[in-house]
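**Student:** Sequence and predicted structure are below.
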Amino acid sequence: MMIYLLPCVLLLCSTYSVHGQREEFKCPDDYGFYPHATSCDKYWKCDNNVAELKTCGNGLAFDDTDPKFLKENCDYLHNVDCGGRSQLEPAISTLHCPRLYGIFADDVKCDTFWNCWGGEASRYQCSPGLAYDRESRVCMWADQVPECKVEEVANGFNCPAAGEVLASVGSFSRHAHPDDCRKYYICLEGTPREYGCPIGTVFKIGDGDGTGSCENPEDVPGCEDYYGDLDLKAIRKSELLSGLDNKSRQQPAAETKAAAPKPQPQQRQQPSNRPQPQQQQRPQPQQSPAAPQSAKDYDDA
């Protein structure tokens, strides 16, 4: 009995049953991580020339771009070029998460999206006037996102019709927010885009229709108490010093922000002479990567 059992145990180390069929993989090298032939979220881990079939989290895919095959990296599906590896495990969903891992648009609010990790959803909201674009997966102007109605992020504000604003420069004009002293709208060819004045200032309507600028609250009737008891002088001084300090410590453009470590399958300790796989990093959503053009750019228009 022992004679027949031992070969079967050894065979299971490199042969697996997939949909009723046996699947074999021959390790190209003693140690490494290799893409599955047809599945984008599966991969092979080779250890001492023995293959083990592994599966990324639901919504993640195996990144096979390492030419040395030493990286065990599962990334969001939209970050991985699966090529011909088109098969995926069935979706497992939770609240706000079509899959357990990924970045997904909100079903109702177009300026909101969710970062799902292990089925737990973290809510993110685009900056005022922006909406989450499902295709590019970044925050863009609401009028550039097909699924979004501009009124949803403009709080019902509508730009004046062409020719109604006498003081406008071409198709550009500024308008005060109806409820918030610090916010205002810029109308570009009839499309409203919401902006906000720097902290410590509020929007002051200009002398001409469709004009205005950010000024000190004490100079804007009705907005004098917008910041309440906040020490605006201290805030401005702190921001100035912070800006100077950040400028002096500015990092090279090629340097990226550190991300939280991504959990990975438990692995037994490797011998010291064996190459170590690169630690995986948890992807971070870009809240407003498509930064809107500053209102200051229009001051001379």
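**Tutor:** Received it, and whenever you're ready, just let me know what you need. Keep in mind that this is a model prediction, so the values were computed, not measured.
**Student:** Now for the closest residue to residue 101 other than its chain neighbours: which residues touch it?
**Tutor:** The shortest distance from residue 101 to any non-neighbouring residue, by C-beta to C-beta, 6 or more residues apart in numbering, is to residue 59 (3.5 Å). Backbone N, C-alpha and C define where each C-beta goes, glycine included. By C-beta atoms under 8 Å, 6 or more residues apart in numbering, the contact set of residue 59 is 76, 77, 91, 97, 98, 99, 100, 101, 102, 116.
**Student:** Residue 61 - how many residues pack around it?
**Tutor:** 26 (other C-beta atoms under 10 Å).
**Student:** my bad, should have said residue 23
**Tutor:** 17.
**Student:** Tell me the secondary structure at it.
**Tutor:** Following DSSP: H, G, I helix; E, B strand; the rest coil, residue 23 is assigned to strand.
**Student:** any idea how far residue 42 is from it?
**Tutor:** Distance of residue 23 to residue 42, computed by C-beta to C-beta, to the nearest Å: 10 Å.
**Student:** Between these two, which contacts overlap?
**Tutor:** Joint contacts of residue 23 and residue 42 (C-beta under 8 Å, 6+ apart) are residue 53.
**Student:** which secondary element of the chain has the worst mean pLDDT?
**Tutor:** None of the helices or strands of the chain scores lower by mean pLDDT, DSSP states H and E than helix 2-11, at a mean of 32.
**Student:** Which residues are in contact with residue 217?
**Tutor:** Residue 217 neighbours (C-beta under 8 Å, 6+ apart): 181, 200, 201, 202, 223, 224, 225, 226, 227, 232.
**Student:** Phi, psi for it please.
**Tutor:** When read as degrees, to the nearest 10, the backbone of residue 217 gives phi -60, psi -40.
**Student:** Quick one: mean pLDDT over stretch 67-80.
**Tutor:** In this model, stretch 67-80 has a mean pLDDT of 94.
**Student:** Buried ones in that stretch, by neighbour count?
**Tutor:** Within stretch 67-80, the residues that qualify as buried are 69, 70, 71, 72, 73, 74, 75, 76, 77, 80, counting by 16 or more other C-beta atoms under 10 Å.
**Student:** was I right about the third one contacting residue 34?
**Tutor:** No. Counting by C-beta atoms under 8 Å, no contact exists between residue 71 and residue 34, whose distance comes to 10.9 Å.
**Student:** if we can go back for a sec, just the buried residues of the contacts of residue 217.
**Tutor:** By neighbour count, with 16+ other C-beta under 10 Å, the contacts of residue 217 hold 181, 200, 201, 202, 223, 226, 227 as buried.
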